[in-house]
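Chemist: the sequence isn't on hand, but the structure is:
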C-alpha cells in the first residue's frame with residue numbers, strides 16, 4: 001500500500017515537459033554567464049548538430065570556450081521560450097541577448113540571436129540535439 005501511495009505521489013510531482021525544457025535553457029544560460037561551459041554542454045547531446053551541420057558538439061564546445069575566454073564579462077538573457085511538444089521530442093524557440101564587456105566578439109558589445117532548438121527526452125531529462133541561430 002505504501003509503495004502505491006509513494007509511486008502516485010512521485011508521478012504527481014513530475015515537472016511538465018515544457019517547464020523542464022524552459023528550466024534547462026535557463027540553467028544553460030546561467031552556466032554560460034558564469035563561464036561554466038561544461039555545465040552548458042551537460043545538456044547537449046553527443047550527436048548534436050548546429051546551423052545546418054556547420055557545428056557538431058566538439059565545434060560548439062570550442063566556440064563556447066573561445067567566447068568565454070575572449071569576453072571580459074559575459075551576459076546571457078533569455079526571452080520568452082515557446083515550446084512545441086511531440087512525444088519525446090520538442091522544439092523550443094526563443095531570443096537570446098548576449099553582451100560582452102570587452103567588445104571583442106559581439107558587435108557593439110551586444111547581439112540578439114533567434115534560436116530554434118531541438119530537444120529529446122533522455123531518461124528523466126531533456127538534451128538539445130539540434131540548434132539553429134541567426135542574428136536578429
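Modeler: Done, it's in. These numbers were taken from a predicted model, which means no experiment stands behind them.
Chemist: strands paired with the host helix or strand of residue 130, and their directions?
Modeler: Using DSSP states H and E, residue 130 sits within strand 125-135. Using DSSP bridges, strand 125-135 pairs in its sheet with strand 44-50 (parallel), strand 110-122 (antiparallel).
Chemist: so which of these is nearest residue 38?
Modeler: Nearest to residue 38, of all those, is strand 44-50, at 10.5 Å by Cβ to Cβ. To be clear about C-beta, it is placed using only N, CA and C from the backbone, and glycine gets the same treatment.
Chemist: just the strands in the chain please.
Modeler: 44-50, 55-56, 74-78, 82-86, 89-100, 110-122, 125-135 (DSSP state E).
Chemist: what is the mean pLDDT for the shortest one?
Modeler: The pLDDT scores in strand 55-56 average 98.
Chemist: with the fifth one instead?
Modeler: Strand 89-100 comes out with an average pLDDT of 95.
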